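[1] My questions are about this predicted structure, shown below with the sequence.
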Amino acid sequence: MSSADGPLVVGVDSSTQSTKALVVDAATGAVVASGQAPHTVSAGQGRESDPEQWWTALCEALRQCGDAAHRASAVSVGGQQHGLVTLDAAGRPVRPALLWNDVRSAPQARRLIDEMGGPKAWAERVGSVPGASFTVTKWAWLAEHEPDAVRATAAVRLPHDYLTQRLTGDGTTDRGDASGTGWWASATESYDDDILARVGLDPALLPRVVRPGEVAGTVHSSGELPFSKGTLVAAGTGDNAAAALGLGLQPGTPVLSLGTSGTVYAVSRHRPADPTGTVAGFADARGDWLPLACTLNCTLAVDRVAALLGLDREAVEPGGDITLLPYLDGERTPDLPNASGLLHGLRHDTTGGQLLQAAYDGAVHALLGALDLVLDADADLSVPLLLIGGGARGTAWQQTVRRLSGRAVQVPEAHELVALGAAAQAAGLLTGEDPAAVARRWGTAQGPVLDPVEQDAAALARISGVLSDAAPLLDRGPR
């Protein structure tokens with residue numbers, strides 16, 4: 001931690017597993033205090049969390065920041081995308097939130113795609129083809145399976161919206177997070193009345209979309225928080241848009257994020273609309289676009305394979321022709337929500353280390369397969385691939401990405417890029433700057449560059465072949 005030269009801001013990252021808070025010097029980007037508290041997520045087919053625990057975790061994380069949080073002039077929240085938060089008339093959760101990696105709404109996603117004109121129509125209208133991760137399909141699932149919960153709902157929020165509302169007392173969101181709902185149309189940058197009517201959702205239940213650079217409100221009551229009353233609250237955004245801000249991302253620079261989920265994305269000046277559904281046409285938090293592809297199985301899935309083998313996560317070995325598709329929680333890219341993990345090519349001489357390397361390969365293959373679709377056609381392929389997230393500092397992850405991509409890889413030294421992006425957004429309220437320019441001034445993307453190695457085309461082709469042959473089996477799911 002360091003002392004501050006300028007005003008202080010707070011950036012929050014409320015992720016699937018925990019909430020982190022950073023107190024940051026707006027002048028230099030130095031982190032002067034930090035705190036973190038965990039969440040719990042249900043097991044089984046569904047993935048749910050009680051939103052109240054996000055608030056409790058935020059309060060605890062801020063408490064750990066001490067007096068620095070009290071001296072902050074502005075705060076912003078970055079949060080996990082897509083989650084469905086239903087609130088009653090008193091602002092209390094009606095039920096646990098349905099999280100992004102809850103895939104129970106896959107049948108509703110398929111039905112909505114058909115009812116609204118097919119994938120191409122959705123891509124042109126919304127920017128994305130909804131899958132089971134999207135909030136609109138979760139609302140449709142809830143209406144079908146828990147109609148009493150729907151009738152009790154007086155407000156619908158995303159996770160970051162919920163925390164922002166607890167800070168300000170007002171229901172707001174931003175274009176970046178709203179673009180992941182499936183009911184915000186990128187073509188018009190507004191809520192889509194036809195889609196809302198189709199799923200029976202009253203638009204009056206939705207939050208106001210705050211414009212980039214606009215103040216969402218002020219901290220309305222100190223209460224459990226260390227903030228002074230009147231502290232500015234920025235719009236906040238979804239976690240991937242916040243990380244893009246935290247990197248100060250320029251158009252054309254690719255990002256591969258290794259976390260609970262894996263993502264590849266880049267900032268673009270062009271509104272994306274991929275009818276295959278591989279690329280989600282998200283908005284960013286500034287006014288541009290953030291085409292993104294996401295997998296459900298990344299670091300946790302590989303760590304699970306390592307645990308089953310009794311190996312350290314770095315204990316990989318080369319060699320062998322084994323293929324492991326680590327789709328332990330169903331998968332979003334490729335779109336196989338009913339899938340489970342699949343192992344092919346096991347031999348007597350296969351080692352545990354080779355099996356673990358195959359899990360890494362399977363996870364990275366899914367992400368790299370979408371990279372060309374994420375980037376604009378004129379993107380400079382010599383630009384290093386920015387590697388971020390919890391797995392980015394793992395040697396096995398770094399070497400797997402280098403080998404399968406054939407690209408140079410840069411690993412930013414800055415930690416907690418989602419929270420830093422939220423802090424940059426808060427700083428922008430004070431200085432009037434573009435938050436991405438704030439992050440560039442802070443130097444958040446600086447880090448070592450790993451030179452490219454020859455691409456392992458044979459491994460990529462082998463994995464693609466197994467995936468193609470096994471897709472019908474994977475789509476059926478386990479019996």
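    Thanks, I have the structure now.
[2] At which residues are the strands of the stretch 101-250 of the chain located?
    Secondary structure of the stretch 101-250 of the chain, counting by DSSP state E, counting those that start in this stretch: strands at 155-157, 172-174, 184-185, 190-191, 208-210, 215-218, 232-234, 237-238.
[3] Make a markdown table from those and add mean pLDDT to it.
    Listed next are those as a markdown table, based on pLDDT from 0 to 100:
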| stretch | mean pLDDT |
| --- | --- |
| strand 155-157 | 98 |
| strand 172-174 | 98 |
| strand 184-185 | 98 |
| strand 190-191 | 98 |
| strand 208-210 | 98 |
| strand 215-218 | 97 |
| strand 232-234 | 97 |
| strand 237-238 | 98 |
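[4] Quick check: which of those is nearest to Val126?
    strand 184-185 (5.4 Å; CB to CB). All C-beta spots, glycine's among them, are computed from the backbone N, C-alpha and C.
[5] helices and strands around the closest one, which ones?
    With contacts taken as 3 or more CB pairs under 8 Å, 6 or more residues apart in numbering; DSSP states H and E, strand 184-185 sits against helix 119-126, strand 190-191.
[6] and the ones you listed as TSV, adding mean neighbour count and distance to Thr164?
    Shown next, in TSV, are the helices and strands packed on strand 184-185 (neighbours: other CB atoms under 10 Å; distance: least, CB to CB, whole Å):
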stretch	mean neighbour count	distance to Thr164
helix 119-126	18	23
strand 190-191	15	18
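[7] out of those, which comes closest to Leu355?
    Using CB to CB, these put helix 119-126 closest to Leu355, at 35.7 Å.
[8] what sits up against that closest one?
    113, 116, 128-130, 182-187, 192, 195, 273-277, 281 (CB atoms under 8 Å, 6 or more residues apart in numbering).
[9] buried subset of those?
    Buried subset of the contacts of helix 119-126 (neighbour count, 16 or more other CB atoms under 10 Å): 113, 116, 128-130, 182-186, 192, 195, 273-274, 277, 281.
[10] Tell me what the nearest residue to Asp161 once chain neighbours are set aside is bridged to.
    Leaving out its chain neighbours, the residue that sits closest to Asp161 by CB to CB, 6 or more residues apart in numbering is Thr173, at 4.7 Å. Judged by DSSP bridges, the bridge partners of Thr173 are Val209.
[11] Show me the shaky parts of the stretch 351-479 of the chain.
    Residues of the stretch 351-479 of the chain that meet the criterion pLDDT under 70 lie in 477-479.
[12] Specify the stretch among the helices and strands packed on strand 184-185 that is closest to Asp239.
    helix 119-126 (19.9 Å).
[13] Mind putting the helices and strands packed on strand 184-185 into CSV with distance to Val23?
    Formatted as CSV, the helices and strands packed on strand 184-185 follow (distance: least, CB to CB, whole Å):
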stretch, distance to Val23
helix 119-126, 37
strand 190-191, 35
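[14] Give me the number of neighbouring residues for the nearest residue to Glu224 once chain neighbours are set aside.
    The shortest distance from Glu224 to any non-neighbouring residue, by CB to CB, 6+ apart, is to Cys59 (4.7 Å). When neighbours are counted by other CB atoms under 10 Å, Cys59 registers 19.
[15] Let me know the pLDDT of Cys59.
    Cys59 carries a pLDDT value of 96.
[16] helix/strand/coil for it?
    Under DSSP: H, G, I helix; E, B strand; the rest coil, the three-state class of Cys59 is helix.
[17] Roughly how far does it sit from Leu311?
    38 Å (CB to CB, to the nearest Å).
[18] hang on, the earlier thing: run a quick neighbour tally on the residue nearest to Asp161.
    Applying other CB under 10 Å, we find 27 residues neighbouring Thr173.
[19] Correct me if wrong: it contacts Val210.
    Yes: assessed by CB atoms under 8 Å, Thr173 is found in contact with Val210 at 7.0 Å.
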